[in-house]
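Colleague: Sequence first, predicted model second:
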Amino acid sequence: MHLIIAEKHNVAKRIAQILAGSKPKVKRVHGIEAFYFDDKVVMGLSGHIVGVDYPPGYNNWQKVDYRDLIHAEVVTRPTQGKIVSALHDLGKDADRITIATDYDREGELIGVEALRIAEDANPTIKADRVRFSAITKGEIQDAFESPGEVDFDLASSGEARQVVDLIWGAALTRFISITSGRLGKGFLSVGRVQSPTLALIVDREKEIEAFKPQPYWEISACLEKDLRVKHEKGRIWEGDLARSIFEELGEVATVVSIKEKTRTDRPPAPFDTTAFISAASGIGFSAANAMRIAEWLYTSGFISYPRTENTVYPKTLDLRALVSIFKKGPFREDAERVLSGPMVPTRGKRFSTDHPPIYPTAPAAKADMKPDQWKIYELVVRRFLATLSGPSRWIVMNVRVEIDGQPFRATGARQIEAGWRACYPYSKAAEEILPQLSEGEKLRVLGKELEEKETQPPSRYGQGRLVKLMDELGLGTKSTRHEIISKLYARAYVQGNPMKPTNTAYAVVEALQQHSPNITKPDMTRTLEEDMTKIANGHVGEEAVIEESRSMLDAVFDDLLRHQEEIGTTLREGLRTDKIVGLCQICGHELIIRRGRRGSRFIGCAGYPDCTFTLPLPKFGMIVVTDKACEEHGMQQIRIINKGKRPWDLGCPKCNFDQWQAKKAEEAKKKTEVDLLAKIPGIGPKTLEKLGAAGVKTALDLAGAEAEALAEKTGLTKKKISSWQLLAKTMVNEAQSC
DNA sequence: GCAAGGTC
C-alpha cells in the first residue's frame, strides 16, 4: 500500500479527490478519516503531531538547576495521540510513504515527524516527498508524477529552532518568575518573539512619557462664500510672529491662483493575514478575535484559508466565477459593477506560494451567522470585490489666497469616480467641496482665528499596528502573531487597546535589556533564521547550532545569577506598583492587592496593623488594576479577566463593595419579611400558598394590601385578613426598629 | 505551570 501524508485534513481530502479517478472511500482509523483509492491511502495531520519538551524530572521550577535545564536532553513526544496511532497503523501496512505536507520549513519538519512514526511501525518503508504550492489539479498531478526526496537538512533546521526556543524560553521564564517571586498561575514569561514584542510596547511608552510638547500656532480665516483658508506656513513656532501676522490681517482676501489636478486612489491589495488583522482591528476586533472568527468562517466553508503571506491571486483562481456567486444577495450591486468592469486584480508586494490571499469561497446571508461573524465575512467579501474594482478618482483643487501680503491656502477634493470605494467603506476619504472661484477675485474676510496648539506624543500601538510591525521585523509568523499578543495580555504585561504596558512589563523588559539584551531584540530571530539557513544548506549541523546557543545562554546566566539579588529587587518593586489601587482614605497609606492565607484575595492597607481597612476581591480571575480612577474614592478601577470569558469591569472596588452590601442588606430585609409572614399565627403552608398566588409574599406585602380585594383573590375571609394585617404591621415595625 | 510553531 502507498501512504500519502498531508499537513491537514482538508488538504488530504482534496489530494485524494484529485488523484483518485473516482470518489475515494472514507474509512476511520483511530477516529481519523483516511481516504482510500486504488492501492493508496491519504491521511491528514493537524500540523505538528509531536512536540519537544524536557524529560520528566525537570518539572519542579525551584528545584531544577538552571545549568541543568540549559544542558538537559530534549525529548520529542506525541501531542496528537490519535493521529500518531492512526499513522502507526497505516504505516505498518504501507511499503511506500509520500510526504505531501506544506511546502515550507515547518512543513518539512512536520513531514519528517510523520515519517519517523511510520518508520517506527515499518522500518523498511520507502519515503519520498512531493512539493506543490497550490492545491489545484494541475499542481497536484505534476507533483505526484515527479516526487523528490525528503529534505532532512531543512527539517533539522526546524528542529533546531524548536530546541533553541524551548531552552531559552524555559530557562529565562523560570529565572524571571523565581527571581520576582511570581510562581504558580501568575508566572512571568520570556521568549524569542514575545519579549522583543513587549519591548516594542515598553519602548514606545517610554517615548510617550519622555515627550515634551512644543507649542505652535495656526492661523486661519473664514472668507465669503464659506471658504475657509489656512496660513500657508502651517505650524508657526514663534508666538510673537504668529500674533503679529494675525493682527495685521485686513478685511479683504484676493484669490491668487487656482490649480486643479486629478488624483487616482488605487484599490487595496488582496488580504494576507497581516492586512486582514489590521483591517479587522480598524473596525474594532482584537487580533485574536478576528483570527478566531476567520478560522470559523474557513472551517464553515465561507472563506479561504486565513493564514497566508500571499497578496497575489494565483492564476488558477477563477475570479469571474467567484464574483458571480454574489450576483444574488446583499452584494449584488457591487458584484455586478465589478463584473461589468475590466476586472484587473490588484497585487500586493508579497508573493509567496504558501496559500492564496484570503477571499470568500461561498455566498452567505446575514442570518447564517452571528453579527460579529457577519462583520468579518462582509469585510472579506468587500475587500475581495475592492481588489477587482477600478481606482477611485478625485479632483484636487489647490486655492491660494492672499490677505495683506500673507499667503493662505485651501485644499478641496471632489470624488468623480467612486471605483473601489463604492464597495469598501472601511477606509474613508472625505470630500471637501470648495465654492466656485476665479483668479483675482476679491473676498471679504468674515473672521480670523489664531489657535495655540501643542505637538502630540506618538500614539500607543493598537493591535493591528503591532501585528504589522511584527511582520516587518520578522517577529512571529502569520499563524502566531495574534497568539503572542494574547499572551502579553494573559501575563498582565499589557492592558487596553491600544496597548499600555504595566509596571511589571517595564521591570521585566528592563531586567532583560540589561542582562540578556539579545532576547529583547528582533535580531535574535534574524540570527536564528541565518543559522537555520546554514543547517538547511548542509553547511553546519543541527547539534552545533544548538550547542552554540546553549553556551550563549550559559554566558547570559553567568551574568544573571551574579546579579540575581538586585534583579529581584527591581522586579519586585515593579510588580508591587502594579498592585497599588490607591491611597487609604482613613490613614493615607497605599492600598495594595494582597493574598489571604487560603488563596483568597483582598485589598489591604499598607498601614496594617495600625489600619485595618480592607475590601474584598473576587476569588477567580486575573485582577487588573486599570489606569482609570474612581472620582469619588480615588481608587483605580479593577478589571477581572477569566480565560475564555469576557472581561468583567468591576470598577471602583469601594463602589462595588458598597453596592454589594446594599444589595445584601436589601435581600436580608426581604428574607426577614418573608419569614415574618409565616410566623403570623393562623397562617399555615396552605394559606401561604394562597397569599403567594395573590402576590403577597412578605409581611410588608400583607400589611400594605387592600383587605377586600385580597379576600376576593384568595377566597379567605376579610375578617381573618384584617386581623393578620394588624399583626403584620406591628411585626414589621418591630423588626425595623431593631 | 515554561517557548514558538503547526492546526481546529
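Modeller: Good, I have the coordinates. Residues are numbered from 1 along each chain as shown, chains lettered A, B, ... in the order given.
Colleague: correct me, but A:I640 touches A:P653?
Modeller: No - using C-beta atoms under 8 Å, A:I640 is not in contact with A:P653, being 10.9 Å away. For glycine as for every other residue, the C-beta is placed from the backbone atoms N, C-alpha and C.
Colleague: List the neighbours of stretch A:483-500 that are in contact with it.
Modeller: Here stretch A:483-500 makes contact (C-beta atoms under 8 Å, 6 or more residues apart in numbering) with A:186-189, A:193-194, A:197-198, A:201, A:205, A:286-288, A:459-463, A:465-467, A:470, A:475-476, A:501-502, A:504-505, A:508, A:578, A:622, A:624, A:626-627, A:639, A:641, A:643.
Colleague: Of these, grab the buried ones for ChimeraX.
Modeller: Buried members of the contacts of stretch A:483-500 can be picked out in ChimeraX with the line below, counting by 16 or more other C-beta atoms under 10 Å:
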select /A:188,189,193,194,197,198,201,205,286,287,288,460,461,462,463,465,466,467,470,475,476,501,502,504,505,508,578,622,624,639,641
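Colleague: contacts with DNA strand B among the contacts of stretch A:483-500, please.
Modeller: Restricting the contacts of stretch A:483-500 to those near DNA strand B by C-beta under 7 Å from any atom of the strand leaves A:187, A:189, A:193-194, A:476.
Colleague: pLDDT added to the residues you listed, as JSON lines?
Modeller: Converted to JSON lines, those look like this (pLDDT from 0 to 100):
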{"residue": "A:F187", "pLDDT": "96"}
{"residue": "A:S189", "pLDDT": "97"}
{"residue": "A:V193", "pLDDT": "98"}
{"residue": "A:Q194", "pLDDT": "98"}
{"residue": "A:G476", "pLDDT": "97"}
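Colleague: the more surrounded of A:I640 and A:P653?
Modeller: A:P653 (25 against 16; other C-beta atoms under 10 Å).
Colleague: any idea which residue sits dead centre in chain A?
Modeller: A:A287 (2.9 Å; C-alpha atoms, centre = their mean).
Colleague: tell me which residues of stretch A:113-133 are tucked away?
Modeller: Result for stretch A:113-133 [16+ other C-beta under 10 Å]: buried residues A:113-115, A:117-118, A:122, A:125, A:127, A:129-133.
Colleague: Any figure for the gap between the residue of the stretch 301-450 of chain A found nearest DNA strand B and A:K8?
Modeller: DNA strand B sits closest to A:R307 of the stretch 301-450 of chain A, with a gap of 4.7 Å, by C-beta to the nearest atom of the strand. Remark: distance between A:R307 and A:K8 (C-beta to C-beta, to the nearest Å) = 11 Å.
Colleague: So which of the ones next to DNA strand B among the contacts of stretch A:483-500 are in helices?
Modeller: A:Q194 (DSSP state H).
Colleague: is the longest helix seen in chain A anywhere near DNA strand B?
Modeller: Longest helix of chain A, by residue count under DSSP H: helix A:152-180. Yes - Helix A:152-180 is in contact with DNA strand B by C-beta under 7 Å from any atom of the strand, via A:161-162, A:165-166, A:169-170, A:173-174, A:177.
Colleague: Give me the mean pLDDT for that helix.
Modeller: For helix A:152-180, the mean pLDDT works out to 97.
Colleague: same question, stretch A:383-396
Modeller: Throughout stretch A:383-396, pLDDT has a mean value of 97.
Colleague: Using CSV, write down the CA coordinates of that stretch.
Modeller: Only the C-alpha atoms of stretch A:383-396 are listed here, as CSV (Å, rounded to 0.1, in the frame of the first residue of the first chain):
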residue,chain,number,x,y,z
ARG,A,383,-12.1,43.6,0.2
PHE,A,384,-12.2,40.9,-2.4
LEU,A,385,-14.6,43.0,-4.6
ALA,A,386,-12.5,46.1,-4.0
THR,A,387,-9.3,44.3,-5.3
LEU,A,388,-11.2,43.7,-8.6
SER,A,389,-12.6,47.2,-8.9
GLY,A,390,-11.1,50.2,-10.6
PRO,A,391,-9.4,53.1,-8.9
SER,A,392,-11.3,55.9,-7.2
ARG,A,393,-10.7,59.2,-8.9
TRP,A,394,-10.6,62.7,-7.4
ILE,A,395,-10.2,66.2,-8.5
VAL,A,396,-8.0,68.0,-6.1
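Colleague: roughly how far out does it sit from the chain middle?
Modeller: The chain centroid and the centroid of stretch A:383-396 are separated by 29 Å under C-alpha atoms, centre = their mean, to the nearest Å.
Colleague: Please apply the same query to stretch A:393-410.
Modeller: 44 Å.
Colleague: Of all the residues in it, which ones are buried?
Modeller: Within stretch A:393-410, the residues that qualify as buried are A:393-394, A:397, A:399-403, A:406, A:408, A:410, counting by 16+ other C-beta under 10 Å.
Colleague: Where do the helices of the stretch 101-250 of chain A begin and end?
Modeller: Using DSSP state H, counting those that start in this stretch, the helices of the stretch 101-250 of chain A run over A:105-121, A:137-145, A:152-180, A:194-210, A:239-247.
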